[in-house]
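K.L.:
sequence and predicted structure below; questions after.
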Amino acid sequence: MCVQGSAFKGGYINLLDEQEQERVRLAFGSNYERLLDLKHKYDPDDVFRSTMGHLAP
């Protein structure tokens, strides 16, 4: 069984930590910039954060 087409390019977001920002960017793909803009708009103080798949402010 091949799951290669279903895998995320940067890895599974729940397995990435804060030190892997480039892989977080790859995992979110073309949505990354839009999500980062939303993060800056609605959470400029980084209150809602997680160590997994964290979008750095």
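P.N.:
Looks like it came in fine.
K.L.:
poorly predicted segments of this structure, please.
P.N.:
Along the chain, the model assigns pLDDT under 70 to residues 1-11, 51-55, 57.
K.L.:
how about a cut-off of 80?
P.N.:
Where the chain drops to pLDDT under 80, the residues are 1-20, 49-57.
K.L.:
can you give me the helices in it?
P.N.:
21-28, 32-42 (DSSP state H).
K.L.:
any chance of the ones you listed in a markdown table, with mean neighbour count and distance to Ala56 too?
P.N.:
From N, CA and C alone the C-beta is placed, and that goes for glycine too. Rendered in a markdown table, the data for the helices of the chain read as follows (neighbours: other Cβ atoms under 10 Å; distance: least, Cβ to Cβ, whole Å):
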| stretch | mean neighbour count | distance to Ala56 |
| --- | --- | --- |
| helix 21-28 | 17 | 6 |
| helix 32-42 | 12 | 9 |
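K.L.:
distance to Asn14 added to the ones you listed, as TSV?
P.N.:
Compiled in TSV, the helices of the chain are given as follows (distance: least, Cβ to Cβ, whole Å):
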stretch	distance to Asn14
helix 21-28	10
helix 32-42	16
